[in-house]
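Sequence and predicted structure are below.
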Amino acid sequence: MTKLKIKLLAHKGADTSVYQNAIPRIDKLISPDNYEIDHEEVNTDINVLFFLSGGSEQFAIESVSNLGFYILIGSRHDNSYASATEVKALLDDNIISSVLLDEEDDATALYLNNYLTMKTALENLKGKRIGLIGEVSDWLVASNVSTGMLFTNFRVTLVRIPWKELKNYSEYDVSESFLSSFAGETGFDLTQTARVSQMLNETIKLRALDAITVECFPMVKNDGVTACLPLSQFNDQGIPAGCEGDLTAIIGMMLCKELTGTIPWIANINKVSKESCLFSHCTIARSLVTDYSVLTHFETGKGTAIEGDFKGDVVTIFRFDRHLSKAFIATAPIIARPRLTTACRTQIEVKLNENDVKLLRENPLGNHHLIYPGDCSQLLEMCCQFLEIEVLK
């Protein structure tokens with residue numbers, strides 16, 4: 001279980017009661033089960049520097065590493081905030097990431113708990129495996145993340161699976177569980193799609209994958225069958241599943257899942273107007289929509305895809321760049337759920353502020369964006385700050 005490591009800092013010769021009296025104060029900010037006090041004289045494996053008095057600056061610096069991210073907490077008592085401010089200035093001067101919080105501020109408890117959620121999410125990502133079936137689609141010229149970057153930033157391994165390593169989908173058994181999950185809900189014969197589902201499911205199990213992204217168009221063009229419904233179902237089952245081989249999208253989907261428990265929808269940007277943006281795509285999870293139906297895939301008119309009304313009123317819009325060095329994060333209300341015949345099947349229009357419109361128009365990070373039902377912007381921004389990923393502003 002991930003816990004926050006907290007270092008208590010007071011002036012030299014401080015009475016033991018100073019440290020003992022700090023524990024109930026910390027318990028008001030975060031559950032005792034979620035933190036531990038570090039008692040080592042020098043230990044750089046610290047998350048939180050908790051200042052109890054002035055004169056503690058040197059002790060704080062001894063617990064700092066150039067590679068860390070630190071939460072500094074001070075209060076109005078005994079010059080502790082003054083001490084924390086001095087240390088914050090030195091960390092900034094040495095380009096060491098940190099944030100200074102006020103113990104008495106109500107937002108501090110929320111920040112600590114969000115930070116713990118973020119740390120746990122990143123720990124859970126370590127060792128996970130993404131399966132790239134096929135290649136990154138050739139039109140996604142800004143969405144190919146290198147194997148090294150995925151591992152360096154998230155400790156996630158990319159497993160490349162060329163189409164030639166798999167049997168043709170038609171050689172796989174029909175997934176009865178897939179068919180039963182759509183029974184009575186579509187007028188399509190899903191037998192061939194159920195074979196695609198089985199192919200992907202067996203590949204996930206055989207390769208010990210935690211997520212997949214599929215270069216789906218070769219299969220559509222060659223065989224007239226799509227992966228949209230199987231990918232939708234995998235997302236409903238808690239397995240992040242993206243399309244077109246988009247690696248920026250799948251790592252974002254995996255991160256959102258670990259942060260929130262929900263896998264977001266991968267969507268195209270269809271139009272950015274002065275105050276809004278239209279998103280659409282064919283692979284949305286059924287749990288994210290109401291009144292869904294199964295139609296053909298938009299671009300090809302073949303196979304099957306999901307159309308439905310996105311749930312909720314507010315979404316978080318999120319995307320990494322291909323270098324995992326920048327991110328776009330915005331929250332927006334849904335203002336329309338159109339069903340245009342000129343865009344992918346599930347569609348939403350959201351209202352954006354002037355700055356977000358400017359960013360999407362003048363400094364886009366790529367086409368596909370992730371749409372999360374609700375507001376998870378604070379968690380995403382915190383994660384980016386921790387990983388030193390610039391959030392566009």
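All right, it came through fine. None of these values were measured; they are calculated from a predicted model. Numbering: from 1, shown residues only.

Helices of this structure, residue ranges please.
16-20, 22-27, 57-61, 80-93, 107-125, 147-154, 176-181, 191-206, 217-223, 228-236, 247-260, 354-362, 377-387 (DSSP state H).

Figure out which of those is closest to residue 168.
helix 217-223 (7.7 Å; Cβ to Cβ). In short, each C-beta sits where N, CA and C put it, glycine included.

can you tell me which of the helices of the chain the model trusts least?
Per-stretch mean pLDDT for those is lowest at helix 217-223 (a mean of 85).

need the helices of the chain in TSV with mean neighbour count, can you?
Shown next, in TSV, are these (neighbours: other Cβ atoms under 10 Å):
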stretch	mean neighbour count
helix 16-20	11
helix 22-27	14
helix 57-61	17
helix 80-93	18
helix 107-125	18
helix 147-154	16
helix 176-181	14
helix 191-206	20
helix 217-223	16
helix 228-236	26
helix 247-260	25
helix 354-362	14
helix 377-387	19
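
Would you format the ones you listed as TSV with distance to residue 368 included?
Shown next, in TSV, are the helices of the chain (distance: least, Cβ to Cβ, whole Å):
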stretch	distance to residue 368
helix 16-20	50
helix 22-27	42
helix 57-61	43
helix 80-93	35
helix 107-125	20
helix 147-154	16
helix 176-181	25
helix 191-206	20
helix 217-223	14
helix 228-236	13
helix 247-260	5
helix 354-362	13
helix 377-387	16
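
now for those, which one comes closest to residue 72?
helix 80-93 (4.5 Å).

So for residue 309, which of the helices of the chain sits nearest?
Nearest to residue 309, of all those, is helix 228-236, at 14.9 Å by Cβ to Cβ.

Now do the closest one and helix 247-260, the angle between them.
Using axes from the mean of the first three to the mean of the last three Cα atoms, to 10 degrees, the inter-axis angle of helix 228-236 relative to helix 247-260 is 30 degrees.

Give the other helices and strands that helix 228-236 contacts.
helix 176-181, helix 191-206, strand 211-214, strand 241-243, strand 305-310 (3 or more Cβ pairs under 8 Å, 6 or more residues apart in numbering; DSSP states H and E).

quick one: which of those is nearest residue 101?
Of the helices and strands packed on helix 228-236, nearest to residue 101 by Cβ to Cβ is strand 211-214, at 33.8 Å.

Beta-bridge partners for residue 326, please?
residue 390 (DSSP bridges).

quick one, what contacts it?
Residues near residue 326 by Cβ atoms under 8 Å, 6 or more residues apart in numbering: 320, 365, 389-392.

one step back: so which of the helices of the chain comes closest to residue 348?
helix 354-362 (14.7 Å).

Any chance you could list what contacts stretch 170-189?
For stretch 170-189, the external contacting residues (Cβ under 8 Å, 6+ apart) are 190-199, 201-202, 223, 229-230, 233, 293-294, 304.

at 7 Å instead, please
With contacts defined as Cβ atoms under 7 Å, 6 or more residues apart in numbering, stretch 170-189 is touched by 190-191, 194-195, 197-199, 201-202, 230, 233, 294, 304.

Now that stretch: buried residues?
By neighbour count on 16 or more other Cβ atoms under 10 Å, the buried set for stretch 170-189 is 172, 175, 178, 181-182.

Start and end of it, how far apart?
14 Å (Cα to Cα, to the nearest Å).

What about the contacts of residue 326, which one has the most neighbours?
Counting neighbours by other Cβ atoms under 10 Å, residue 320 leads the contacts of residue 326 with 25 neighbours.

and residue 377, what is it in contact with?
Here residue 377 is in contact with 316, 329, 331 (criterion: Cβ under 7 Å, 6+ apart).

export these to CSV and tack on distance to residue 206, pLDDT and neighbour count?
Formatted as CSV, those follow (distance: Cβ to Cβ, whole Å; pLDDT from 0 to 100; neighbours: other Cβ atoms under 10 Å):
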residue, distance to residue 206, pLDDT, neighbour count
316, 34, 98, 22
329, 36, 98, 22
331, 39, 98, 19
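
From those, pick the one nearest residue 119.
Out of the contacts of residue 377, the member with the shortest distance to residue 119 (by Cβ to Cβ) is residue 329, at 18.8 Å.

roughly how far apart are the closest one and residue 379?
10 Å (Cβ to Cβ, to the nearest Å).

can you check residue 142 too?
25 Å.

thinking again about what came up before, so which of the helices of the chain is nearest residue 271?
Taking Cβ to Cβ, helix 354-362 is the member of those nearest to residue 271, at 10.3 Å.

Determine the set of other helices and strands touching the closest one.
Applying 3 or more Cβ pairs under 7 Å, 6 or more residues apart in numbering; DSSP states H and E, we find helix 354-362 packed against strand 265-272.

relative to strand 305-310, how tilted is the strand it packs on?
80 degrees.

Having no further points to raise, I will conclude here.
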